[in-house]
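In: below: sequence and its predicted model.
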Amino acid sequence: MAFTSDNRPHTMGDLIAITGTVANGDTSADLSAFMSEILMATMTPLAGAAGPVGVHVVGTTVNFTDPGVSAGGRLFALGKR
């Protein structure tokens, strides 16, 4: 798993927004170091013609379909700190 978070997460009260990149071939990202509960997450391939991406949250892990492009994908998650 090669999730790389951006340097500065955004906070709004008890909410936190995490953004970052995932490598091609990855299918999950563990966000337990950033949040206690994930309220919403999405992942978008960065370039090329990728297929549809499915996202499923389990606890503090975001499971998603392999981005399918060499550039990887961009992850966005909103949750409670």
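Out: Done, it's in. Residues are numbered from 1 along each chain as shown.

In: phi first, then psi, for residue 57.
Out: The phi and psi torsions at residue 57 (degrees, to the nearest 10) take the values phi -100, psi 130.

In: chain neighbours aside, what residue packs nearest to it?
Out: residue 38 (4.8 Å; C-beta to C-beta, 6 or more residues apart in numbering). The way it works is simple: take the backbone N, C-alpha and C, and place the C-beta from them, glycine included.

In: tell me who's in contact with residue 31.
Out: Listed by C-beta atoms under 8 Å, 6 or more residues apart in numbering, the contact set of residue 31 reads 3, 18, 38, 60, 61, 62, 77, 79.

In: from residue 25, how far off is it?
Out: 19 Å (C-beta to C-beta, to the nearest Å).

In: could you pull out the strands for this protein?
Out: 4-5, 10-12, 15-22, 28-30, 37-45, 55-58, 61-64, 73-80 (DSSP state E).

In: now mean pLDDT too, for those strands, in CSV please.
Out: Listed next are the strands of the chain as CSV, based on pLDDT from 0 to 100:
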stretch, mean pLDDT
strand 4-5, 88
strand 10-12, 91
strand 15-22, 94
strand 28-30, 94
strand 37-45, 94
strand 55-58, 95
strand 61-64, 95
strand 73-80, 94
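
In: kindly reformat these as CSV containing mean neighbour count.
Out: Below are the strands of the chain laid out as CSV (neighbours: other C-beta atoms under 10 Å):
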stretch, mean neighbour count
strand 4-5, 14
strand 10-12, 10
strand 15-22, 18
strand 28-30, 17
strand 37-45, 16
strand 55-58, 13
strand 61-64, 19
strand 73-80, 20
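
In: OK, contacts around residue 5?
Out: Contacts of residue 5 by C-beta under 8 Å, 6+ apart are 18, 19, 20, 34.

In: 10 Å - rerun?
Out: Residues counted as contacts of residue 5 (C-beta atoms under 10 Å, 6 or more residues apart in numbering) are 18, 19, 20, 21, 29, 31, 33, 34, 75, 77.

In: what's the answer for residue 7, then?
Out: residue 20 are the contacts of residue 7 under C-beta under 10 Å, 6+ apart.

In: separation between it and residue 18?
Out: For residue 7 relative to residue 18 (C-beta to C-beta), the value is 11 Å.

In: fine by me, thanks again.
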